[in-house]
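quick one: sequence and predicted model below, then my questions.
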Amino acid sequence: MEEILKEISKIAGIPSVIFTVIFIIMRIKPITLITSNPVEIKMLSKEKRFSIKIVKYLFEIFIILSLMLLMTFSVFTKKSMFNPIIGSIWAVLLLIIFIFMLAMIEVKNKRLNDILRPMPKVLSVVIFIISLILSASFYVLPTYYVGTQLSSILNEIEKPTTSILLFVLGLNSIMYLIIIIFILMPVGRLISRFFDFDNALSNLNNKYVFIEIEEDGENKRWYLNYPIDAKWYYLTDSVNFSVETNSRFIEIEELYKKILKIETT
């Protein structure tokens, strides 16, 4: 299959880099990986599980980049829209919010829910909505600055050509990718922790798959970890690894005959 694709790419004149990306996508089957249920995921190797994380990370970058570009070319299209005073106040406000969230998490070990819990319900809802809007503004500020400075080039040209349009789009994309990878992704992780989204997702995703093996007349739980090769699978008697955790191996063929059960946290 790989050789056939290589021949097709040569005939069609497809660059080797593009062919390599297509081939990797075909190999890792991202849709299959992302939509896998807990049992299917446990049967995947470490490499395949790592592929899931990469695909999800790239997909998140793609979504953020698409939204930022959409906002840039639909809202922030004129250089006159940028006000340095507003931009500076906005940036300082977001910096204060960032420091506040970081301090609450790392110093006081508190999340937004801990702050809102003692408040009246109506007030807590209002503050929650305001917090969401302020969090979203972390993603809007870069488009406000970069968009008004770069996309405004198109308004200064009476009839921009396709090459100019692609140049401006590419320039915006490169700037946004740098901002997303090095700033917005880490900030997004902090926001997720502050809103306690990580805990909510973990309750949905942390589903432990186990089998029961009879030992000394009793059924003992053994949790699935990962296959170490095509023949053997690695099991532990606890989901939390420690010096007291016992491990064992089971043949995959034997594992297929067992009833797999799911335990949620």
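That came through fine. Residues are numbered from 1 along each chain as shown.

burial measure for Val168, as a count.
19 (other Cβ atoms under 10 Å). Bear in mind the C-beta positions are built from the backbone N, C-alpha and C, glycine included.

and the strand or helix carrying it, what other elements does it pack with?
In this assignment (DSSP states H and E), Val168 forms part of helix 162-179. Counting contacts by 3 or more Cβ pairs under 8 Å, 6 or more residues apart in numbering; DSSP states H and E, helix 162-179 packs against helix 46-74, helix 153-156.

again, 10 Å this time
helix 46-74, helix 121-142, helix 153-156 (3 or more Cβ pairs under 10 Å, 6 or more residues apart in numbering; DSSP states H and E).

give me the angle between the first one and helix 162-179.
Relative orientation of helix 46-74 versus helix 162-179 (axes from the mean of the first three to the mean of the last three Cα atoms, to 10 degrees): 130 degrees.

off-centre distance for helix 46-74?
On the basis of Cα atoms, centre = their mean, to the nearest Å, helix 46-74 sits 7 Å off its chain's mean C-alpha point.

what helices and strands are in contact with it?
With 3+ Cβ pairs under 10 Å, 6+ apart as the test, helix 46-74 has helix 16-28, helix 30-34, helix 38-42, helix 121-142, helix 162-179, helix 185-194, strand 218-227 packed against it.

what's the burial count for Ser51?
Neighbours of Ser51 (other Cβ under 10 Å): 19.

any idea how far it is from Ile127?
39 Å (Cβ to Cβ, to the nearest Å).

and what of Ser66?
Using Cβ to Cβ, Ser66 is found at 30 Å from Ile127.

can you check Met119 too?
7 Å.

what of Ser151?
Counting by Cβ to Cβ, the gap from Ser151 to Ile127 is 34 Å.

ok, the two, which is more surrounded?
Neighbour totals were compared for Ser151 and Ile127, and Ser151 leads with 23 against 14 (other Cβ under 10 Å).

mind listing what that one touches?
69, 72-79, 143, 168-169, 171-172 (Cβ atoms under 10 Å, 6 or more residues apart in numbering).

do that again at 8 Å, thanks
Residues near Ser151 by Cβ atoms under 8 Å, 6 or more residues apart in numbering: 72-73, 76-77, 168, 172.

against Phe50, how distant is Ser163?
39 Å.

between those two, tell me which one has more neighbours.
When Ser163 and Phe50 are compared for neighbours, Phe50 comes out ahead with 12 against 8, by other Cβ under 10 Å.

how close does the more buried one get to Tyr226?
11 Å.

ok, Lys258 next?
16 Å.

so where's the chain uncertain?
1-45, 152, 198-206, 242-244, 264-265 (pLDDT under 70).

on that earlier part again, in the helix holding Val168, what counts as buried?
By 16 or more other Cβ atoms under 10 Å, the buried positions in helix 162-179 come out as 168-169, 172, 175-176, 179.

can you name the residues that contact the closest residue to Ile179 other than its chain neighbours?
Nearest residue to Ile179, sequence neighbours excluded (Cβ to Cβ, 6 or more residues apart in numbering): Pro142, at 4.9 Å. For Pro142, the contact set (Cβ under 8 Å, 6+ apart) comprises 68, 176, 179, 183-184.

how about 10 Å then?
68, 71-72, 175-176, 178-180, 183-184.

swap in Glu158?
Counted by Cβ under 10 Å, 6+ apart, Glu158 has zero contacts.

isn't there a strand covering it?
No: counting by DSSP: H, G, I helix; E, B strand; the rest coil, Glu158 is not found in a strand; it is coil.

got the phi/psi numbers for it?
When read as degrees, to the nearest 10, the backbone of Glu158 gives phi -60, psi -50.

again, but for Asn83
The phi/psi pair for Asn83 (degrees, to the nearest 10) is phi -120, psi 120.

just checking, it touches Thr148?
Yes: Asn83 lies in contact with Thr148 (Cβ atoms under 10 Å); the separation is 9.3 Å.

neighbour count winner among those two?
Thr148 (20 against 12).

quick one: the more buried one and Leu141, what's the gap?
11 Å.
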